[in-house]
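[1] Curious how this folds, go ahead:
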Amino acid sequence: MRRAFLHLAFGTLAFSFAGIAMYDWSTLRYERSVAQAVAVAAVAGGNKPEMKGKVDGAAEVRLARAVSMSKAGDYVGAQRLYDGLVTDDNDKTIQTAALFDLGNMHLREATRSGAPTSIQSLPMLEQAKERYRSVLRIAPEDWDARYNLERALWLAPEAATDSNEPDIKKQRNVKVRGAQSEDLP
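    Coordinates of the predicted model:
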């Protein structure tokens, strides 16, 4: 009995470590592919002055160029590239990645510029919320976009809408001359 328990415990532990190793491997693989794409974008001229106006190349290269521009601090150029990726007829994964990164860029700028509820950061938070909602319209299963939308909504909650609809109880209140309200059905 004890031997079976030890084998079961060892098997469970080995399976857990294998799962952790697979997760770390996939994360490392993703980070390497992003680093490689950023390197390709840098080689393709992502930050060179003569390449500022050009947005040619494959969608993946333009996405990597936009990521590198965003990290370098060129938010206007990065936004232009992201908007181009969203409006072009690209793969849905490229569009969702561009929208998600654009929302992240706006959210990062809103939180970097001081208090998140300041007058300068509110438009950026609204743009970030709009981008995350666009991502969720395309891919409703994207939990990262859902979390970031919740975070943006927490920083700048939606304004409560004023309804001009009259109260239903007042509409149903019937007044008849000569009768009391208790007499009516």
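[2] Run through the residues that contact the spatially most central residue of the chain.
    With distances taken as CA atoms, centre = their mean, Ala145 lies nearest the centre of the chain, 3.3 Å away. When contacts are counted by CB atoms under 8 Å, 6 or more residues apart in numbering, Ala145 touches 96, 100, 103, 132, 135-136, 139. Placement of C-beta: from N, CA and C, glycine included.
[3] what's the answer for Ser70, then?
    Neighbouring residues of Ser70 by CB under 8 Å, 6+ apart: 78, 101, 105.
[4] Same question for Leu85.
    Shown in contact with Leu85 (CB under 8 Å, 6+ apart): 59, 62-63, 66, 94-95, 98.
[5] Not counting residues beside it along the chain, what's closest to it?
    Ala98 (3.9 Å; CB to CB, 6 or more residues apart in numbering).
[6] from the chain's centre, how far out does the one helix or strand the one you found maps to sit?
    Here Ala98 sits within helix 92-112, counting by DSSP states H and E. Distance, stretch centre to chain centre, for helix 92-112: 6 Å (CA atoms, centre = their mean, to the nearest Å).
[7] do the same with stretch 69-83
    On the basis of CA atoms, centre = their mean, stretch 69-83 sits 16 Å off its chain's mean C-alpha point.
[8] Just the endpoints, please. Distance across it?
    14 Å (CA to CA, to the nearest Å).
[9] What's the mean pLDDT across that stretch?
    Computed over stretch 69-83, the mean pLDDT rounds to 88.
[10] quick one: buried residues of it?
    Judged by neighbour count (16 or more other CB atoms under 10 Å), stretch 69-83 contains these buried residues: 69-70, 74-75, 77-82.
[11] ditto for stretch 92-100
    94-100.
[12] Quickly check those for the two that are furthest apart.
    Pairwise distances across those (CB to CB) peak at 10.8 Å, for the pair Ile94 and Phe100.
[13] re earlier: which residue sits closest to the residue nearest to the centre of the chain in space, ignoring its chain neighbours?
    For Ala145, ignoring the flanking residues on the chain, the nearest one in space by CB to CB, 6+ apart is Val135 at 4.1 Å.
[14] Past the longest helix seen in the chain, which element shows up next along the chain?
    The longest helix of the chain (DSSP state H) is helix 2-43. As assigned by DSSP H and E, the chain's next helix or strand after helix 2-43 is helix 59-72.
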